[in-house]
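Asker: Sequence first, predicted model second:
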Protein chains: 2
Amino acid sequence: MTHMLLSPTPAEVNEFADAYMRGMRSKDNVLVVVGCCCVEYVGRARSMLGWGGRVVIVKSDGSVLVHQKVGGAPVNWQPPDTLVRYRTEAGNGISLFVIYSYRLKPPEKMYVRFKTVDMVSAHRLRDDRTLRIMGAESDIVDRIMGDPGVIEEGLRITDREKQTRSGAIDLFGVDRDHIPVIIEIKRSQPTPSAVLQLKAYVLDHQHRHTGAVRVRGILCAPSMPVMIRTLLTENKLEWRVFKCEFEQVDDAQSTLEEFT
Amino acid sequence: MTHMLLSPTPAEVNEFADAYMRGMRSKDNVLVVVGCCCVEYVGRARSMLGWGGRVVIVKSDGSVLVHQKVGGAPVNWQPPDTLVRYRTEAGNGISLFVIYSYRLKPPEKMYVRFKTVDMVSAHRLRDDRTLRIMGAESDIVDRIMGDPGVIEEGLRITDREKQTRSGAIDLFGVDRDHIPVIIEIKRSQPTPSAVLQLKAYVLDHQHRHTGAVRVRGILCAPSMPVMIRTLLTENKLEWRVFKCEFEQVDDAQSTLEEFT
DNA sequence: GCCTAGGTCCCGTGG
DNA sequence: CCACGGGGCCTAGGC
């Protein structure tokens, strides 16, 4: 099901939006509005965006997305569970079409005001599929659980998501010499805060065992910038560079061929 | 400028997409495709999404966004600076329209394959405005710089973004008793890592001044969960609950009235 | 419901 | 160019 209008008047867009986006039967529907609009947002912050051509998507779960011609992220938006209403508004002698959206927690509202609409369309989307994804941090943890040798010969994992005073340790185990090992996994390039986190786990563990025991801390990530290595060394921590091969993208050679 | 096709064939969509999205003159253009597609992504992770109705936006900066009927975030996407190509593909005796996108750093590719297209449209978006936003962390820092009394009577700020070994301190100053104060600002609810960060700054400062000086560390945020307070106390750090009033959203009463 | 942590985070800024 | 940290982050999972 697809319905659309080209260059509608504000009143026409308003009627169209209400017709396809209100009521229970509209729960699979999505509205797309393209035109010249300005956006006002007040909530956790406050923002203004002057007049310009944008693509706006409204979903029946209450999501609203305002996209400019550049950028991967919406310039303004509302998350799901937002209430959305459509209106016309008189401004300076001209009529405007307005998408007004509002939610309570946190209190946030957004006005998208159109002075012209190039196109509005409504679509019934039939879709029961969910994304299946591989290569998340939990997959890497799985991999290491199944074969701790990829980190170190003789390593034995005893706990996953082990709770400490300062948060949860990704992996906890003992090395070949029975020394406790705390492992922090990062699926992408680690930041200094990852080092602080690991350090906190190690200190916490030492504290609980009244200092006597030696504890090792290992940061495990696909890359390890020099600054991170320095910080780790300063804090008597270790690292392993570990990329999980869930099946890599084709190498540039073959991909560029394919791309022509 | 708006052009569109309803229920086009794969070949027609392909030609349409190439006509409006290739070449220099298309730099203000955006393509919207609505139809039944599946998505395959390989790169930093790997994912599959089965057949279903979606809205796909392609921008001329290379951004590609795949939206399902629910959710504020795209289910699949490519960021700007991705190369995008359009194709038709023969699969199982039927013809498919394919949006293929690829980038080198990091190596990532995505295929969006349509078996039916309900609508395709191309839009020239004229827009030179950028978002103006208030209420960012830097605004809160401004506010406190201008009136340190909101944190504490007698506080004097001497540095902003003061560099230390472990990163930049948001605000640095001295209290009424000339004791140095390190202030970490969070515009939203703080996480344990904010405490670790503050702790690191304090330790670093003490280290540089060979232990003798007492240094205070204050975490400043709009809310302060119990666990965070506990962590702060354990680490001999302080906190201030501080909401910056850049002009709050209307209270629920008046807004709900307005909403009817 | 709050809180915590991950993300194909994205994105700007500063070195 | 990479590195770092903020974000109206969003979103899923735990309790």
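Answerer: Looks like it arrived, so ask away. Numbering: from 1, shown residues only, chains lettered A, B, ... in the order given.
Asker: can we go C-alpha only for contacts and neighbour counts from here?
Answerer: Fine.
Asker: ok, which residues in the stretch 51-200 of chain A are in contact with DNA strand D?
Answerer: A:75-80, A:108, A:110, A:190-193 (CA under 7 Å from any atom of the strand).
Asker: can you list those residues in a markdown table and add pLDDT?
Answerer: Shown next, in a markdown table, are those (pLDDT from 0 to 100):
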| residue | pLDDT |
| --- | --- |
| A:Val75 | 98 |
| A:Asn76 | 98 |
| A:Trp77 | 98 |
| A:Gln78 | 98 |
| A:Pro79 | 98 |
| A:Pro80 | 98 |
| A:Glu108 | 96 |
| A:Met110 | 98 |
| A:Pro190 | 96 |
| A:Thr191 | 95 |
| A:Pro192 | 95 |
| A:Ser193 | 94 |
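Asker: Which of these are buried? Put it as a ChimeraX command.
Answerer: Buried residues within these, by 16 or more other CA atoms under 10 Å in any protein chain shown, are selected in ChimeraX with:
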select /A:75,76,77,78,80,108,110,190,192,193
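Asker: near chain B, from the residues of the stretch 51-200 of chain A next to DNA strand D?
Answerer: A:75, A:78-80, A:108, A:192-193 (CA under 8 Å from any CA of the partner chain).
Asker: What are the contacting residues of the lengthiest helix in chain A?
Answerer: In chain A, assigned by DSSP state H, the helix with the most residues is helix A:192-208. Contacting residues not belonging to helix A:192-208 are listed as A:164-167, A:169, A:182-184, A:212-219, A:228, A:231-232, A:235, A:237, B:166, B:193, B:196-197, B:200 [CA atoms under 8 Å, 6 or more residues apart in numbering or on different chains].
Asker: what about that helix and DNA strand C, touching?
Answerer: No. Using CA under 7 Å from any atom of the strand, helix A:192-208 never reaches DNA strand C; the gap is at least 8.5 Å.
Asker: Neighbouring strands of the very next helix or strand once past that helix in the sheet, and parallel or not?
Answerer: Of the helices and strands lying after helix A:192-208 in sequence (DSSP states H and E), the nearest is strand A:216-221. Strand pairing for strand A:216-221, using DSSP bridges, gives strand A:180-185 (parallel), strand A:238-241 (parallel).
Asker: which one of those lies closest to DNA strand C?
Answerer: strand A:180-185 (7.2 Å; CA to the nearest atom of the strand).
Asker: which residues sit against that closest one?
Answerer: A:137, A:140-141, A:169-175, A:194, A:198, A:201-202, A:214-221.
Asker: Can you flag the buried ones in those?
Answerer: Of the members of the contacts of strand A:180-185, the ones counted as buried by neighbours, 16+ other CA under 10 Å, are A:137, A:140-141, A:169-174, A:194, A:198, A:201-202, A:215-221.
Asker: Quick one: mark the members of the residues of the stretch 51-200 of chain A next to DNA strand D that sit in helices.
Answerer: Those of those mapping onto helices are A:192-193, per DSSP H.
Asker: Need the residues of the stretch 51-200 of chain A next to DNA strand D in CSV (columns: distance to A:Leu65).
Answerer: Shown next, in CSV, are these (distance: CA to CA, whole Å):
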residue, distance to A:Leu65
A:Val75, 8
A:Asn76, 6
A:Trp77, 4
A:Gln78, 7
A:Pro79, 8
A:Pro80, 10
A:Glu108, 14
A:Met110, 11
A:Pro190, 31
A:Thr191, 31
A:Pro192, 33
A:Ser193, 32
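Asker: quick check, nearest of the residues of the stretch 51-200 of chain A next to DNA strand D to A:Thr88?
Answerer: A:Met110 (15.1 Å; CA to CA).
Asker: Look up the residues forming beta bridges with the closest one.
Answerer: Those that pair with A:Met110 in a beta bridge, by DSSP bridges, are A:Tyr41, A:Ser101.
Asker: Isn't it up against A:Glu40?
Answerer: Yes. The criterion here is CA atoms under 8 Å, and A:Met110 meets it with A:Glu40 at 5.6 Å.
Asker: quick check: domain ranges of chain A?
Answerer: Listed by automatic domain parsing, the domain ranges of chain A are A:2-124, A:137-241.
Asker: Show me the least confident stretch of those domains, going by mean pLDDT.
Answerer: Confidence, taken as mean pLDDT, is least for domain A:137-241 of the domains of chain A (a mean of 93).
Asker: Start and end of stretch A:138-152, how far apart?
Answerer: End-to-end distance of stretch A:138-152: 19 Å, with CA to CA, to the nearest Å as the criterion.
Asker: Please point out which parts of that stretch sit buried.
Answerer: Burial within stretch A:138-152, assessed by neighbour count using 16+ other CA under 10 Å, is assigned to A:140-141, A:144-145, A:148, A:151.
Asker: I'd like to know which of those is nearest to DNA strand D.
Answerer: Looking across these and measuring by CA to the nearest atom of the strand, the closest to DNA strand D is A:Val141, at 14.0 Å.
Asker: Tell me who's in contact with that closest one.
Answerer: Here A:Val141 is in contact with A:170-171, A:185 (CA under 8 Å, 6+ apart).
Asker: So what does it look like in phi/psi?
Answerer: With angles defined as degrees, to the nearest 10, A:Val141 sits at phi -60, psi -40.
Asker: what's near enough to touch A:Gly52?
Answerer: A:35-38, B:125-129 are the contacts of A:Gly52 under CA under 8 Å, 6+ apart.
Asker: most packed of the domains of chain A?
Answerer: Highest mean neighbour count of these: domain A:2-124, a mean of 20 (counted as mean count of other CA atoms under 10 Å in any protein chain shown).
Asker: Start and end of that domain, how far apart?
Answerer: Per CA to CA, the first residue of domain A:2-124 is 7 Å away from its last.
Asker: In contact with A:Arg214, which residues?
Answerer: A:179-180, A:206.
Asker: Excluding residues flanking it in the chain, which one is nearest A:Cys244?
Answerer: Of all residues not flanking A:Cys244 in the chain, A:Ile140 sits nearest, at 6.2 Å (CA to CA, 6 or more residues apart in numbering or on different chains).
Asker: Centre of the chain to the helix or strand containing the one you found, how far?
Answerer: Secondary structure from DSSP H and E places A:Ile140 in helix A:137-146. Relative to the centre of its chain, helix A:137-146 is centred 21 Å away, using CA atoms, centre = their mean, to the nearest Å.
Asker: now that helix against strand A:180-185, angle please.
Answerer: 150 degrees (axes from the mean of the first three to the mean of the last three CA atoms, to 10 degrees).
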